[in-house]
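using only what follows, build the 3D model:
(chains A and B)
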Protein chains: 2
Amino acid sequence: MADSRDSSPEGLVSTNTNSKYPNFEVDYVISYSLPPPSSPSALAEAEASFTQLITLLSKTGFALEVRPGRPPTTPTSPSSLLIFLRIASHPLLEKQIYRYRVQDWLYGVRTAAPGPPNSLSQQEPITDAERLRLAYLLITKPVNEGGAGITPGLGQWRFVKSVFPLHDRRFNKQWIKDWSTKYILDDDDLLKIRNQFGEKVAFYFAFLQSYFQFLLFPAVFGAGAWLILGGFSWVYAVVNCLWGVIFFEHWKVKEVDLAVQWGVRGVGKIQLPRPQFKFEREGVDAVTGEIVKVYSPYKRLARQALQVPFAGACVVVLGGLILGCFGIEIFITEVYMGPFKQYLTFLPTVLLTIFMPTFTTLFTKLAERLTELENYETVDAHQASFVQKIFVLNFITSYLGIFLTAFVYVPFGKILVPYLDVFQLTAQKFTAEGKPLPTKEWVINPDRLRKQVIYFTVTAQIVNFATEVIVPYAKRRIFKTVEKVQTEIKGEKGVEWPGDAEEEHKFLQRVREEAGLDQYDVTIDYREMVIQFGYLSLFSVVWPLTGCSFLVNNWVEARSDAMKIAANSQRPIPWRADSIGPWLNALGFLSWLGSITSAALVYLFNKSGGGQLGVGSVWEIPGWALLLAILCSEHVYLGVQFVVRGVIKRLDSPGLQKERAERFAMRKELLERMVEEEVVSEQAEKGVGGVVDGERITREVLEEEARVHSGLGPEKVFWLRQRSAGESVEVGRGLIQLVSLANNNTAKRG
Amino acid sequence: MADSRDSSPEGLVSTNTNSKYPNFEVDYVISYSLPPPSSPSALAEAEASFTQLITLLSKTGFALEVRPGRPPTTPTSPSSLLIFLRIASHPLLEKQIYRYRVQDWLYGVRTAAPGPPNSLSQQEPITDAERLRLAYLLITKPVNEGGAGITPGLGQWRFVKSVFPLHDRRFNKQWIKDWSTKYILDDDDLLKIRNQFGEKVAFYFAFLQSYFQFLLFPAVFGAGAWLILGGFSWVYAVVNCLWGVIFFEHWKVKEVDLAVQWGVRGVGKIQLPRPQFKFEREGVDAVTGEIVKVYSPYKRLARQALQVPFAGACVVVLGGLILGCFGIEIFITEVYMGPFKQYLTFLPTVLLTIFMPTFTTLFTKLAERLTELENYETVDAHQASFVQKIFVLNFITSYLGIFLTAFVYVPFGKILVPYLDVFQLTAQKFTAEGKPLPTKEWVINPDRLRKQVIYFTVTAQIVNFATEVIVPYAKRRIFKTVEKVQTEIKGEKGVEWPGDAEEEHKFLQRVREEAGLDQYDVTIDYREMVIQFGYLSLFSVVWPLTGCSFLVNNWVEARSDAMKIAANSQRPIPWRADSIGPWLNALGFLSWLGSITSAALVYLFNKSGGGQLGVGSVWEIPGWALLLAILCSEHVYLGVQFVVRGVIKRLDSPGLQKERAERFAMRKELLERMVEEEVVSEQAEKGVGGVVDGERITREVLEEEARVHSGLGPEKVFWLRQRSAGESVEVGRGLIQLVSLANNNTAKRG
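Residues are numbered from 1 along each chain as shown, chains lettered A, B, ... in the order given. Here you go, the predicted model:
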């Protein structure tokens, strides 16, 4: 290698080259947590592990620096060290990049094989994301594969609290500034995100952006429909479903397009092993002959079956909570007329606000445990299974309330009256004086549904925004203050750690801050968007302004998510992805379900249509008509989906064009090379009497054979009758002449 | 090339090597039709074209022989020549094989690149099918691509009536003998078919075999259901639908498996250009820069839109015919009591038998014309579009009658009564004497549906078998006799052609016979099987013995199809395929539709269930319940499909294992080669101070840097503080010691 003496990575780190190095050339920081001083045995363990950590990382090829992290302020509070890592040499990085690019090529992610290792950066710039991803893999992959084998938080490495790259503050500042001044993000913006944070995060923003642009239509059309048609319009329902189909199918194509443009199409095939995977035994793969870690698929299947009771429990507990609050709410707002009504109105909201997040957190924990139990071998399989559970959970918490109002409360309200009398009786017993509490007569409130949808599509979105951006910040501030106050009150003091060098102090303070931040989890953001899409698809026919609300919300959402990454989270590890993954199915499911609920809602609530249901009972409308409406709607939906899929598939996209061009170039090159080889071999042949012209050989060969004519089988003689193409032509023409004669004969005879 | 002097193909044609050469080593025969002697100008044209044909073929590399074909028996009857082709030289064949195997590899059909051309037969035996396919491509592909550019039947080559390989009589005899003595065909039987007739035909037999084996279950279960449960049992309906899903999903996997085993997975990507394609202009491909022939996709879309009126016309004409005959039949059998009733009963059957095939043939022609109009660039696209139309056509002719009985005649019978009075009145007017004809009162015949299903699933299958096997044979015999008689009556005589050489006479007679046979079209056989599957899926709940009938039928079917290929058709050109193609969608559609019709049939006709409909009217059962049954059934079906798909996907198959093993071997080899290169380059590096051990370099490099310490930026100084891993460890341990001190301090203080 020509430039192996040059150990500075300047040549490679193209996006980060400037004289200032705000990140001090650090690739990764390990936050190494130390147990509190009060447990010396754990401390000793941490020390031994630390020594091993440094040795392994250094052997793997990292340059290292250790600095103090959070000091132990009291004898019972934990502290931490900061370990700074940098890939020590340029050739090591090049080797890694080469190895992984070759792997990509072998798995079909890249069309062409990468050139020799020392010219990689000339072939294709090495982005921050690629370098950081490879550095992370180098830290985490097993020792026998050339890594350091560090598994953060697990087993021996349980003191390794987190491994994170440092934010590029200048990039982040520019990013937030750029985005807050433009309406539409273009491909270039997404490319920047991809180069900085990896494809996984970039795909989220790409999805958000695509969704945002598509929202323009339901926002405008919805506003028009709201003004002209009002709620429950079948025109709006049809257009909305159609929009859903087009958006979904468009995204599926767009996703592939982006994956190709970013050079990650098919990376799903390259699976990351999950370090937490527990194998039962080692076996030999029947096919490849490799030793593989095996976990009984039947055991896993049995554990996967636990998803059914899990979903059941979700429905029962969360559904019970919602139903209970729902009952109380209806009673208080629509039946109860006693004292404290103005305060009691808030009771269900308070109950929901307290119990819902508690239960949700609990169930999320349970989902995590369950997924852990299922013991997947790869990160993707684990993630997919987790997302599935999360989706079920969120489906219930988000939509069950509206489903109850739309399909139970309003249509079956009258049947429910006797049960609500229980409430009434209870309420009347409340007063000790025996004087009955004043109660209202039971009347179904048809406006309830609309109010509920507005709550979920406007209020809840704002609340969400607040919890996402403001709460973590406030929490951090409060936490800090509390800690400080606690320390002051206790009067205990830990140890003073040596101060930072003056020129490093500011940098180290920043790193300590980042070490304290949460890790960014893109799943949460996807969940939010998919659930939002669900409101639009399932219930927006109730209140067509939904689209407008979401349009505004999502403009803010993209920026607040950017803020969240830039300011409230550690810089994410730039993983790759070639799709939004399991959320795609969720999206398709919601879009399809929308065709059913929309039809049902329009049919039940449309006041100008046929079998409407103003404040009446479900028994007044023919059930078969409702079902027919649903059946038709669903099948029209499926038919339209089929057509849209067919049409969109035919459209070309820049990514696919790029891929085609690459494949074509590769094929052309290889075929040309092959033809060259052929020419060479043909020339070689000619020396020994090769075959070039059919006619000539036939004659030569046959003349040769004619000499040994006698004693040949009939099949040999067959091919000797006409010794050249010329002779064949003659024979054929002779026969044709004979045919012409037939005519002449007849003519003569006639 | 070592063996280029040996021009006989013995080394290559492994499956056909024996001393007898029953086919005289002929690869292809061209049947060249000559116009009748009465049109000399056409004859002259045919002669010119013939000369060109021979010249082109000879130049391309074929050895040729011309023999007389059918003589012109009269001055107005056409005659034909036979042109025998053989690839002249071994190297030419090798070159072709190499070229196409490389192409396969480039398109991902083969995992590994083929070795050098002269060792191909050692790498992988060359089957008859492969040789014949390449020979056919050599005949038909354009001159600038190295072929002869012959497009049978088109333009300049309109006298080329057919190009066909010769049957391997010995193989055929053994084949028929083998199959008629065994019940189940195994993979080896299919492999033989594949090697002889190519993957396209082999896939048909594989499908037929897979379907036959799966039929065992509905046959046994259906017989049981018929005995115990009777018709319209919901148990049978559920099991039948479930069976349909499993069969469909299983076949999808099996298909991929076979494609991999036969080495054709993904050949769909290599498209054959359609010679009939008419381009509007030549354009430059934006991506590849190649010159391509362009036809406006909008024009094509507009022409594709003609499919809608086509389907409409099918429904109206065929539906009208069926409806008309249906009406007449009902009237005659159930209302009419007048004279000739025993003869008139056959009237609708006669009408259907006359008009149905006429209209079907007409519409098939129309479908062909329409597909022609759509002007596809590739053979596959053309075929897919044609199959789509054929499926619509056959769906109507096959199922509409039963649909009418099940969902119109029986449930709405009572409403139809007044309309049938028209018949009654007409009938009564018939008699000139004014005496009213005796008519019966209108009673719905609930047994009609069962009879109809039995007709379609038993009688029609037998009739089908007869038309398929006996009719073509009889037709040929009659045709020959008629021709002979005609010639004798007219007394006219054509010309005598020169007699055959004695040792060739038998062979030539056989070839002349084969030249007169039809070409085998696998589409027709697929259509038959898919339509049959439809009866089972849609209507077998009416008569559960359907499965038994089909099981017997399909055992015969496989053998009669084999007979058809072996005795009644020219040997098919061995095209490749990686799937049953467009029929797969038709199969899925029928399976899905089955879930709806079964639910509806059980609901309407089950006599022991809830809202049954014995001979009653549809108004007596609640519509919502029927729709709910359909809705549930369909969604349960989709749910089950989802689950079955998931489960089947996880099962391993020999084909996929083979593919995995190949891919693994290739990756392993390449990675090993890469690692070797790395070792070499690393050794080279060491000479100039390479990077092997992280720690050592760090120290060396840093010591070097330390010399120029002054004037460095803070980020350089940062990395110079700890000059080795050892120092880092020391610093970290120092900090940890400090933490321990905190505890000691407190302990002392406390």
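
let me know whether residue A:307 touches residue A:370 as I believe.
Yes: counting by Cβ atoms under 8 Å, residue A:307 touches residue A:370, with 7.0 Å between them. Every C-beta, even on glycine, is put in place using the N, C-alpha and C of the backbone.

common neighbours of the two, please.
Shared contacts of residue A:307 and residue A:370, defined by Cβ atoms under 8 Å, 6 or more residues apart in numbering or on different chains, are found at residue A:389.

now the closest residue to residue A:640 other than its chain neighbours: how far from chain B?
Distances taken as Cβ to Cβ, 6 or more residues apart in numbering or on different chains put residue A:245 closest to residue A:640, at 5.5 Å, once the chain neighbours are dropped. In this view, residue A:245 and chain B are 17 Å apart by Cβ to the nearest Cβ, to the nearest Å.

do the same with residue A:596
In this view, residue A:596 and chain B are 9 Å apart by Cβ to the nearest Cβ.

with residue A:178 instead?
Going from residue A:178 to chain B by Cβ to the nearest Cβ gives 26 Å.

and residue A:293, what are its phi and psi?
Main-chain dihedrals, residue A:293, degrees, to the nearest 10: phi -90, psi 130.

that should have said residue A:282, apologies.
Per-residue torsions, residue A:282: phi -100, psi 130 (degrees, to the nearest 10).

quick one: neighbours of it, just the number.
Neighbours of residue A:282 under the rule other Cβ atoms under 10 Å in any protein chain shown: 9.

and what of residue A:726?
Count around residue A:726 with other Cβ under 10 Å applied: 15.

which strands and helices sit next to the helix or strand containing residue A:562?
Take DSSP states H and E as the rule and residue A:562 turns out to sit in helix A:546-563. Applying 3 or more Cβ pairs under 8 Å, 6 or more residues apart in numbering or on different chains; DSSP states H and E, we find helix A:546-563 packed against helix A:169-180, helix A:199-228, helix A:460-490, helix A:522-539.

residue A:101 contacts residue A:114, doesn't it?
Yes: using Cβ under 8 Å, residue A:101 is in contact with residue A:114, at 4.1 Å.

ok, back up a step: may I see the helices and strands packed on helix A:546-563 arranged in TSV, with mean neighbour count and mean pLDDT as well?
TSV is the format used below for the helices and strands packed on helix A:546-563 (neighbours: other Cβ atoms under 10 Å in any protein chain shown; pLDDT from 0 to 100):
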stretch	mean neighbour count	mean pLDDT
helix A:169-180	15	91
helix A:199-228	20	94
helix A:460-490	13	81
helix A:522-539	22	94
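
is the helix or strand hosting residue A:56 in proximity to chain B?
Assigned by DSSP H and E, residue A:56 belongs to helix A:40-60. Yes: contact of helix A:40-60 with chain B (Cβ under 8 Å from any Cβ of the partner chain) involves A:40, A:43, A:46-47, A:50-51, A:54-55, A:57-60.

put the buried members of those into a ChimeraX selection.
Paste this into ChimeraX to select the buried members of the residues of helix A:40-60 next to chain B, with burial taken from 16 or more other Cβ atoms under 10 Å in any protein chain shown:
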select /A:43,46,47,50,51,54,55,57,58,60
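
let me know the closest of the residues of helix A:40-60 next to chain B to chain B.
Nearest to chain B among the residues of helix A:40-60 next to chain B, counting by Cβ to the nearest Cβ, is residue A:58 at 3.4 Å.

can you tell me the SS state at residue A:65?
Here residue A:65 is recorded as strand under DSSP: H, G, I helix; E, B strand; the rest coil.

for it, which non-adjacent residue is closest in space?
Using Cβ to Cβ, 6+ apart, the closest residue to residue A:65 is residue A:84 (4.3 Å).

so how far is chain B from the closest residue to residue A:469 other than its chain neighbours?
Spatially, and ignoring its direct neighbours in sequence, residue A:469 is nearest to residue A:560 (5.0 Å; Cβ to Cβ, 6+ apart). Noted for residue A:560: a distance of 32 Å to chain B, by Cβ to the nearest Cβ.

residues contacting the closest residue in space to residue A:42 that isn't next to it in sequence?
Spatial nearest neighbour of residue A:42, excluding adjacent residues (Cβ to Cβ, 6+ apart): residue A:35 at 3.8 Å. Neighbouring residues of residue A:35 by Cβ under 8 Å, 6+ apart: A:42-43, A:46, A:78, A:159.

columns distance to residue A:729 and pLDDT on top of the residues you listed, output as a markdown table?
Formatted as a markdown table, those follow (distance: Cβ to Cβ, whole Å; pLDDT from 0 to 100):
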| residue | distance to residue A:729 | pLDDT |
| --- | --- | --- |
| A:42 | 98 | 88 |
| A:43 | 100 | 88 |
| A:46 | 95 | 90 |
| A:78 | 98 | 83 |
| A:159 | 90 | 92 |
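
closest to residue A:279 among those?
residue A:159 (24.8 Å; Cβ to Cβ).

that closest one reaches residue A:44, doesn't it?
No: with contact defined as Cβ under 8 Å, residue A:159 and residue A:44 do not form a contacting pair (11.8 Å).

looking at those two, which is more packed in?
Comparing residue A:159 with residue A:44 by other Cβ under 10 Å, the one with more neighbours is residue A:159, at 23 against 13.

show me the contacts for that one.
Neighbouring residues of residue A:159 by Cβ under 8 Å, 6+ apart: A:32-35, A:46, A:49-50.

quick check: phi and psi on it?
Per-residue torsions, residue A:159: phi -80, psi -10 (degrees, to the nearest 10).

ok, back up a step: could you double-check that the residue nearest to residue A:640 lies in contact with residue A:591?
Yes: using Cβ under 8 Å, residue A:245 is in contact with residue A:591, at 6.4 Å.

where does the stretch 601-750 of chain A have low pLDDT?
Applying pLDDT under 70 to the stretch 601-750 of chain A flags the ranges A:607-622, A:652, A:674-712, A:743-750.

same question but for the stretch 251-400 of chain A, I mixed them up
In the stretch 251-400 of chain A (pLDDT under 70), the answer is A:286-288, A:335.

isn't residue A:244 up against residue A:537?
Yes: counting by Cβ under 8 Å, residue A:537 is a contact partner of residue A:244 at 5.0 Å.

hey, what's in contact with both of these two?
Common neighbours of residue A:244 and residue A:537 (Cβ under 8 Å, 6+ apart) are A:591, A:594.

who's in contact with the residue nearest the centre of chain A?
The C-alpha lying nearest the average C-alpha coordinate of chain A belongs to residue A:580 (Cα atoms, centre = their mean; 2.9 Å). If a contact means Cβ under 8 Å, 6+ apart, then residue A:580 has A:203-204, A:207, A:251, A:255, A:526 as its contacts.

again, 6 Å this time
The contact partners of residue A:580, by Cβ atoms under 6 Å, 6 or more residues apart in numbering or on different chains, come to A:203, A:207.

that older thread, what's around the residue nearest to residue A:65, how many residues?
26.

just to be sure, it is in a strand?
Yes: under three-state DSSP, residue A:84 sits within a strand.

for it, give me the pLDDT.
Listed pLDDT for residue A:84 reads 93.

my guess is it contacts residue A:26. True?
Yes: if you go by Cβ atoms under 6 Å, residue A:84 and residue A:26 touch, sitting 4.9 Å apart.

what ranges do the strands span in the stretch 351-500 of chain A?
Using DSSP state E, counting those that start in this stretch, the stretch 351-500 of chain A contains no strands.

and the helices in it, which stretches?
All helices of the stretch 351-500 of chain A, identified by DSSP state H, counting those that start in this stretch, fall at A:379-404, A:410-430, A:448-454, A:460-490.

out of these, flag the one nearest residue A:128.
helix A:379-404 (21.6 Å).

that closest one close to chain B?
No: using Cβ under 6 Å from any Cβ of the partner chain, helix A:379-404 stays clear of chain B, with a minimum separation of 11.8 Å.
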